[in-house]
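S.K.: Task: produce atomic coordinates for the following.
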Amino acid sequence: MDKELSKEHIRKRKLKQITKYIVIFILFILLFVIFKNIINPSEQRSRIQTAVTEIGAIEGSITASGIVVPEFEQVLTSPFTSTIDSVYHKAGDKIKLGEPILKLNNEFTLIDYKKLQDEYELKINRKSQLGLNMERMLIDLRAEYEIMDLRIEALEAQVKAQEHIYEFGGGAKINLDQAMLNLRIARLEQIQKGKKIKNQEKSLVADLKELDLNIKIHENNLLELEKKLELAEAKSVRNGVITWVKDDIGENVNQGEIIARIADLDKFKVESKISDIHAPKLIVGNPVNVRINEIDLKGTISNIKPTIENGVINFIVELDDKTNEHLRSNLRVDVFVITSSKTNIIRVENGPYINGSGRQDIFVVDGDNAYRRTVVVGDTNFDWVEIEQGLEQGEEVIITNMEDHIHQTKVKIK
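M.R.: Numbering: from 1, shown residues only. All right, here's what the predicted structure looks like:
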C-alpha cells in the first residue's frame, strides 16, 4: 500500500526544482553575455585613455638614466702616511677658497724637509768651493803657460846666437844642436800644458754641471716636500660645501687615502648611462633633454667614456642651465638623447599602445565605437609618437593597452 508523502518532503522537492531552474536561467544569461561580448566586445570608457592627433614637431630620442652631480668636486687625499691632528670643519659646512678643513701630523715630514734643506745648502757650498779651487788651479796653469812662453823666447834667442857663432866658425855644431833640442822640448811642454789647461776647463764644466743637476734634484725634492706640507693642511681650492670629511682625530691615514670631498653645489652636471646597443647614436655634442619631474632642462653630451662596462656606456651631460633651482645632488633623472628632429608631422601622445616603430595596429574612436586600424609609426620619444601613415589630424586614438582586443576589428565604448 502506497504511503502518502509528507508536506515537508514535497516542499523540499519543489525547492530543488526551482533552484535547478534558477541555475539554468543564470547559466543561460551568462552564456548570452559571453556570446554577446564575443560577437560585440566592449570597454568601459572610464578604463581607457585617449588622445587626439595633431600637427606638430617631434624630436626622436633614446632614453637613458642619469644622476645629478656637482659640476666641480675637489677630492683631497693624504700626501703622506700620517695621523689626523685637527679637524676644523664637518660635512655640510660651507667653506671658502684657501680655508683649511683639517690638519695632518707633519712632524716626520718636517724633519725630512729640514734634513734635505741642510743637504741642499751643503751642495751649494760645495759648488762654491769647487769653483774656487778649479779657478785657482787654472790660474796657476795659465801662469805656468805664460812662463813657458818666456822660456821659449829665451831658447829661441839662444838658438839664433848659436847659429850666428856657428856660421862664423866660432862654435861647435853640438852646441847648436843642443840649443835647438832644448827649444823643441820647451815647445812640446807648452803644447802639453795648453792641453792640460783645456782638459781642466772641461772637467770643471762637467763637475759643475753634475753638481747643478744634483742641486736641481734637491730643489725639486724640496718643492715636493713643501707641497706635501702645504697639502697636509687640506685647504679648499675654491668656495664650496664639504660633502664628506675624515673627522676622527688621531686616526691613521695612508698616502693617497681620501680625507675630504668638497663640492660646488651651485653648478651641476648629469652623469648618465645607457645600453651599448645605442653606441652608434651617441656623439659628443648631441642635444639632450634632462627631465626632473615635469621640468625639462636642455643640455649636450660633453664627454663619452671610451670603455663599456657590463654592456653599459657612461657619458656626461653638460646642462645649459647649470644653476636651475630644481637641481639637487644625487637626484635621479631621465635623460633623453635627441637623435633626430622633425616638424609639421602628425603626432599623438605616447603610451603603452605603441610598441616601437614600424607598422602596427591601434584603435581609433568614432562615436561610441573604436575601430582597429593599421598605422605606420615613425620616430618616438617619451612624450610623442610620429604617425607616418594611417591617421589624420584631429582623430581620437586609444592610448591604453588594447592587446586583449587586438584581433577584433570593432570595440564598443560604453
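
S.K.: Okay, now the unreliable bits of the protein?
M.R.: 1-13, 31-40, 168-171 (pLDDT under 70).

S.K.: any idea how far the top helix by length along it is from the chain center?
M.R.: Scanning the chain for the helix with the most residues, using DSSP state H, yields helix 107-167. Relative to the chain's own centre, helix 107-167 is displaced by 60 Å; criterion: Cα atoms, centre = their mean, to the nearest Å.

S.K.: Same question for stretch 253-264.
M.R.: 18 Å.

S.K.: contacting residues around it?
M.R.: Residues from elsewhere that reach stretch 253-264, judged by Cβ atoms under 8 Å, 6 or more residues apart in numbering: 70-84, 95, 101-102, 104, 234, 236-246, 329. All C-beta atoms are positioned from the backbone trio N, CA, C, and that covers glycine.

S.K.: Endpoints of that stretch, how far apart?
M.R.: This stretch, stretch 253-264, spans 25 Å end to end (Cα to Cα, to the nearest Å).

S.K.: Check which residues of it are buried.
M.R.: Neighbour-count burial for stretch 253-264 flags Val253, Ile259, Ala260, Arg261, Ile262, Ala263, Asp264 (criterion: 16 or more other Cβ atoms under 10 Å).

S.K.: Please flag which of the residues you listed sit within strands.
M.R.: Among the buried residues of stretch 253-264, the residues falling in strands (DSSP state E) are Val253, Ile259, Ala260, Arg261, Ile262, Ala263.

S.K.: sorry, back to before: which other helices and strands does the longest helix of the chain contact?
M.R.: Judged by 3 or more Cβ pairs under 8 Å, 6 or more residues apart in numbering; DSSP states H and E, the packing partners of helix 107-167 are helix 173-231.

S.K.: Work out the gap between the helix it packs on and the centre of the chain.
M.R.: With Cα atoms, centre = their mean, you get 54 Å for helix 173-231.

S.K.: burial of Phe72, as a residue count?
M.R.: Per other Cβ atoms under 10 Å, the neighbour tally for Phe72 reads 16.

S.K.: ok, it to Glu396 distance?
M.R.: To Glu396, Phe72 is 50 Å away according to Cβ to Cβ, to the nearest Å.

S.K.: got it, and Leu132?
M.R.: In terms of Cβ to Cβ, Leu132 sits 102 Å off from Glu396.

S.K.: the more surrounded of these two?
M.R.: Glu396 (16 against 10).

S.K.: need the contact list for Glu121.
M.R.: Contacts for Glu121 (Cβ under 8 Å, 6+ apart) come out as none.

S.K.: Quick check: it vs Leu222, distance?
M.R.: Distance of Glu121 to Leu222, computed by Cβ to Cβ: 11 Å.

S.K.: now the strands for the stretch 1-150 of the chain?
M.R.: Ranges of strands in the stretch 1-150 of the chain, per DSSP state E, counting those that start in this stretch, are 42-43, 50-52, 54-70, 73-77, 82-87, 94-95, 102-104.

S.K.: ranking those by burial, who's on top?
M.R.: Most buried of the strands of the stretch 1-150 of the chain by mean neighbour count (mean count of other Cβ atoms under 10 Å) is strand 102-104; its value is a mean of 21.
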